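S.K.: Fold the following.
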Amino acid sequence: MDIKTQKSDINNLEDIKIFVNSFYDKVRTDDVLATIFNDVIKDKWPQHLEKMYRFWQTVLLEEHTYFGSPFLPHAKLPVNAAHFERWVKLFSETIDMLFEGEKANRAKWQGDRMATMFLSKIEYYRNNSSIPLI
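M.R.: Below is the predicted model of the structure:
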């Protein structure tokens, strides 16, 4: 994938693939996140990336290609606030490096919102006997 040299907004699926691939390239080698992601995803990175393309295509472009429950795969991960803080930092840095505009800002806002929600739900389920619903 070519890295963009001039910033524009996130406008299409190709832009989403650029930021998703760039972001997960960072995650896969990050001191805080790499072990968590690589241990769970193992050799299924192509499938994971395809799912992330569809997710962000649905969220940012309103082209409904993702169907599923994004929280469930994360419900039992061995993560804490530091992991989510690092995820948000890398995610926002990646967006800022590549894009600017309304959808880029929405992506950062949505990423931060998801991280906050996922952490809250993970902590809730760790401290209660409830099981996440499908």
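
S.K.: Just want to check the distance between Arg106 and Met97.
M.R.: 17 Å (CB to CB, to the nearest Å). Where you see a C-beta, it was placed from the backbone N, CA and C, and this is true even at glycine.

S.K.: Kindly report the same for Val32.
M.R.: Separation of Val32 from Met97 (CB to CB) stands at 19 Å.

S.K.: Please apply the same query to Arg126.
M.R.: 34 Å.

S.K.: Tell me where the chain has helices.
M.R.: Counting by DSSP state H, the chain has helices at residues 13-29, 34-41, 45-61, 81-98, 102-126.

S.K.: Select, out of the ones you listed, the one closest to Phe67.
M.R.: helix 45-61 (8.3 Å; CB to CB).

S.K.: which ones are touching Ile16?
M.R.: Neighbouring residues of Ile16 by CB atoms under 8 Å, 6 or more residues apart in numbering: Ile10, Tyr53, Trp56, Gln57, Leu60, Leu61.
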